[in-house]
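Sequence isn't available, so here's the structure alone:
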């Protein structure tokens, strides 16, 4: 089993789900759920990762609680009474179950000066590998008894308390048409909905577009403006005499002076172009909000968006380098290829698709991701970015043999491109990007402090010890292993040139670019920045929002230089479109 996205629930949902995996271990299937591909929801006893996620979640939660009592200067009991109110109402029953079940035991051990590692090692069925530690062992003191009978006293209370919370969860489940037998099953049921199918969850007409925001809705691809007509969707190419908004770009009606429809007048010769990204969590823009695990920022409101974040798979396609469409704010900047194409030609409004999936390798991209593509040969052409940045090197197993071989990489990439050639409209363009040299992660962060309060080196080693690291190869203190991963990444990147050279595609031309992370970092440092400022602080693994902005700038400049014809001319009617249709219906 791979663990490319274990960090999704390990870190971000641990505050309410740290015990969830106890209900998952009975099943022995090792097929990961695609939406969180690689997270070990189902583990078999005997697997080296068995219990690792539960243990890490417990350790993180207890550590945050310890820090919060000091920061807020309040007793642990009062803090536990308050903490569940910080979460959306859907999560509160599960949170209360956790607090009611384990709270008193945890309080007593914290008073006894036990560390988060020791507390979670003491709790029943929590940490099976007690050699793994996130924090340094404590110094021996007279106040530390190292007796864990207090925790054991609560073991017999688990079933009774669980049944009470199950009753509350069933009430919630009944209102949401979810059948549960355990207090966290409603969350697993949500995840199952977008497990291995990456089409919108709500799509009445079956055109793969939705009027719902999350669960692969319009956060991921342009919002459908008519969900009961499968011929109406972003990017559709309809009759120019049709006054209706058949492509959802917000331009409708007829010019009374000329008798022409406004779509005909403003868009007919504008070289409309959609944008698509197919790939992994980098393209989807995976990000855990830093406040989730920064004790000084935790409080009422910190987790108010948790359900939204969960239903979007901890990805932010609406702010990503390829399909970002949100307006920039004082807190973050958004720039994307989509926004550049739209600014160039407002007829491109809403024509974006993000098919990035956390943990995807090229095999997943070929067999699953691209099958969710919503494009017909009769539609407007697209620029499609194919990116598989690192998962063919990364895995949670302590085994270099789990990396994808160049031979298999060739087979999967070629198959994906041939499939795309069968469905993309003629005149489309494909950009393929190479793999990252992931050594930049360890080299940049290992000696810096993680928001949880220890070094990134300690975090990486801890996750590796528990067999739940998203990338054992590159998040590894062994330089030889990191070098071996980068050697394989370079070999796989070279395969793209072989595939491109050995195939001819009738519906698109194709361009290869190296993944620009190193070039972006070099320029950032030259301009006075530091490399760590471009990496997600919580997972220590993904490019952050600043990186996405720089990535978008880099590729837009590259396309302007190498393929200006792909981008189409600036639409001379843009000002009139704004005057007549405003924001064109927004998003």
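Happy to help now that I have it. Remember, predicted model here, so these are calculated numbers, not experimental data. Numbers count the residues shown, from 1 in each chain.

if I've got this straight, residue 386 is in a strand?
Yes: secondary structure of residue 386, determined by DSSP: H, G, I helix; E, B strand; the rest coil: located in a strand.

Isn't it up against residue 416?
Yes: contact criterion Cβ atoms under 8 Å: residue 386 and residue 416 qualify, at 7.0 Å. Every residue, glycine included, has its C-beta placed from N, CA and C.

Would you mind grabbing the residues shared as contacts by these two?
278, 365 (Cβ atoms under 8 Å, 6 or more residues apart in numbering).

got the contact list for residue 366?
Residue 366 neighbours (Cβ under 8 Å, 6+ apart): 412, 413, 415, 416, 419.

what's the closest non-adjacent residue to the fourth one?
This means residue 416. residue 366 (4.2 Å; Cβ to Cβ, 6 or more residues apart in numbering).

And the third one, by the same measure?
Counting by Cβ to Cβ, 6+ apart, residue 366 is the residue found nearest to residue 415 once chain neighbours are left out, at 4.9 Å.

Got a ChimeraX select line for the buried ones in the contacts of residue 366?
One line in ChimeraX is enough to select the buried ones among these; burial here means 16 or more other Cβ atoms under 10 Å:
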select :412,413,415,416
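
Show me the shaky parts of this protein.
Low-confidence segments of the chain (pLDDT under 70): 1-51, 140-186, 188, 194-195.

could you pull out the strands for it?
Along the chain, counting by DSSP state E, strands occupy 274-279, 352-356, 382-387, 428-433, 508-513.

distance between the last one and the chain's centre?
Same thing as strand 508-513. Computed by Cα atoms, centre = their mean, to the nearest Å, the chain-centroid distance of strand 508-513 equals 26 Å.

again, but for stretch 426-436
Relative to the centre of its chain, stretch 426-436 is centred 21 Å away, using Cα atoms, centre = their mean.

So for that stretch, what gets flagged as buried?
428, 429, 430, 431, 432, 433, 434, 435, 436.

nearest spatial neighbour of residue 324, skipping sequence neighbours?
Nearest-residue entry for residue 324: residue 336, 3.6 Å, with adjacent residues in sequence omitted and distances by Cβ to Cβ, 6+ apart.

now that neighbour: how far from residue 277?
Here the criterion is Cβ to Cβ, to the nearest Å. By it, residue 336 lies 10 Å from residue 277.

picking that back up, need the buried residues of stretch 426-436 in a markdown table with distance to residue 351, can you?
Shown next, in a markdown table, are the buried residues of stretch 426-436 (distance: Cβ to Cβ, whole Å):
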| residue | distance to residue 351 |
| --- | --- |
| 428 | 12 |
| 429 | 14 |
| 430 | 16 |
| 431 | 17 |
| 432 | 21 |
| 433 | 21 |
| 434 | 27 |
| 435 | 28 |
| 436 | 28 |
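
Nearest to residue 295 among these?
For the buried residues of stretch 426-436, the minimum distance to residue 295 (Cβ to Cβ) is 30.9 Å, reached by residue 436.

Tell me the residues that contact both of residue 336 and residue 277, please.
Contacts common to residue 336 and residue 277, judged by Cβ under 8 Å, 6+ apart, are 320, 322, 323.

these two touch, right, the first one and residue 275?
No: Residue 320 is beyond contact range of residue 275, at 10.7 Å (criterion: Cβ under 8 Å).

Looking at those two now, which is surrounded by more residues?
For residue 320 versus residue 275, the count of surrounding residues by other Cβ atoms under 10 Å is larger for residue 320: 32 against 24.

who touches the closest residue to that one other than its chain neighbours in this structure?
Excluding its sequence neighbours, the residue lying closest to residue 320 (Cβ to Cβ, 6+ apart) is residue 285, at 3.7 Å. Residues in contact with residue 285, defined by Cβ under 8 Å, 6+ apart, are 315, 316, 317, 319, 320, 321, 324, 356, 542, 545, 548.
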